[in-house]
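**Q** With the input below, show me the fold.
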Amino acid sequence: MSFYNNKFTLITEEVIDVKLPSNIKLYNTNLEEAYTEIKRYEVNKHTMYSGHIILKLKEDIKLISKIKEIQNFNENKIYSKEVIHSGIADECFIDSNFIICNSWNLPFIVYEYRTSSNLYSNLRRHRVKMYKI
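**A** Numbers count the residues shown, from 1 in each chain. From the prediction side, this is the model:
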């Protein structure tokens with residue numbers, strides 16, 4: 001039996017008028033509420049979602065098809081539509097408008113506001129590799 005259920009979540013506050021594949025569950029709420037519902041599901045079902053898609057801008061919905069290109073969601077990686085790696089800390093950046101991550105990395109994104117660092121720094125602190133999708 002696999003620990004992962006081969007299903008994904010789409011977390012957005014936007015109204016989505018696109019038919020989603022059957023393996024994507026829509027959470028139409030803010031990040032914190034969605035995270036709580038997701039964790040409750042995972043604990044009660046003794047399984048984890050294979051990945052999570054965070055969508056803040058409706059026009060990025062077309063990027064969901066990129067999920068097929070990702071080989072292994074078990075690794076400590078996050079995918080975004082824009083990532084800037086620089087030797088200068090203030091120039092490092094990850095676009096939080098569209099992110100694909102696994103269940104292990106989701107809390108780092110959800111609770112970013114609790115730290116004084118930006119999202120890029122929080123992810124690096126946890127040794128998450130960030131890639132442009």
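
**Q** Just the element for residue 18, please.
**A** Following DSSP states H and E, one finds residue 18 outside all helices and strands.

**Q** so it sits right up against residue 63, yeah?
**A** No. Counting by Cβ atoms under 8 Å, residue 18 sits too far from residue 63 to count as a contact (11.9 Å). All C-beta atoms are positioned from the backbone trio N, CA, C, and that covers glycine.

**Q** who's more crowded, those two?
**A** residue 63 (18 against 10; other Cβ atoms under 10 Å).

**Q** which residues touch stretch 21-32?
**A** 6-16, 20, 33-34, 37-38, 49, 53-54, 64, 109-110 (Cβ atoms under 8 Å, 6 or more residues apart in numbering).

**Q** run the last query once more with 7 Å
**A** For stretch 21-32, contacts defined as Cβ atoms under 7 Å, 6 or more residues apart in numbering pick out 6-13, 16, 20, 34, 37-38, 54, 110.

**Q** Would you check which pair of those lies furthest apart?
**A** 6 and 13 (25.7 Å; Cβ to Cβ).

**Q** who's more crowded, the two?
**A** Neighbour totals were compared for residue 6 and residue 13, and residue 13 leads with 14 against 11 (other Cβ under 10 Å).

**Q** Please name the nearest non-neighbouring residue to the more buried one.
**A** With sequence-adjacent residues excluded and distances taken as Cβ to Cβ, 6 or more residues apart in numbering, residue 13 is closest to residue 30, at 5.9 Å.
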